[in-house]
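Trainee: the sequence isn't on hand, but the structure is:
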């Protein structure tokens with residue numbers, strides 16, 4: 001397991017269970033349409049246990065979360081809510097509990113695979129490495 005396993009730039013490729021998931025977390029309908037098949041580019045810089053995780057949305061909006069594995073950090077959801085979370089590393093996956101969902105991210109087959117689970121619904125987003 002390399003130290004910089006996550007570092008890279010990843011572009012949205014596909015997702016599963018989007019509609020069921022956004023219903024489960026109560027996302028407002030205008031945000032639902034905005035996020036559908038959204039070509040989000042995720043940029044990750046990993047330096048040991050320190051991460052900077054940036055999501056670039058079409059139209060120039062970005063969300064950046066900076067965190068250290070095992071330490072509480074100030075985070076922001078895709079919807080812009082601020083919260084505190086302690087991000088863990090479990091079996092090569094980055095794991096975090098967001099206010100209304102459980103999130104994991106891993107590199108599998110050179111792709112960034114993210115799973116978000118809320119109320120028994122799991123949303124899967126796969127992004128291909130572009131840089």
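Mentor: Received the coordinates, thanks. Because the structure is predicted, anything quoted here is derived from the model rather than measured. Numbers count the residues shown, from 1 in each chain.
Trainee: give me the phi and psi for residue 32.
Mentor: phi -60, psi -50 (degrees, to the nearest 10).
Trainee: ok, now how distant is it from residue 74?
Mentor: 26 Å (CB to CB, to the nearest Å). Where you see a C-beta, it was placed from the backbone N, CA and C, and this is true even at glycine.
Trainee: residue 99 now?
Mentor: Per CB to CB, residue 99 is found 13 Å from residue 74.
Trainee: so what sits against both of these two?
Mentor: Residues touching both residue 99 and residue 74 (CB atoms under 8 Å, 6 or more residues apart in numbering) are residue 83.
Trainee: check which residues of the helix or strand of the chain with the lowest mean pLDDT are buried.
Mentor: The weakest-scoring helix or strand in the chain, judged by mean pLDDT, DSSP states H and E, is helix 29-35 (a mean of 82). Residues residue 35 are the ones in helix 29-35 that count as buried (16 or more other CB atoms under 10 Å).
Trainee: contacts only, for residue 41.
Mentor: Residues in contact with residue 41 (CB under 8 Å, 6+ apart) are 9, 10, 11, 12, 55, 56, 127, 130.
Trainee: pull the number of nearby residues for residue 71.
Mentor: Using other CB atoms under 10 Å, residue 71 has 10 neighbouring residues.
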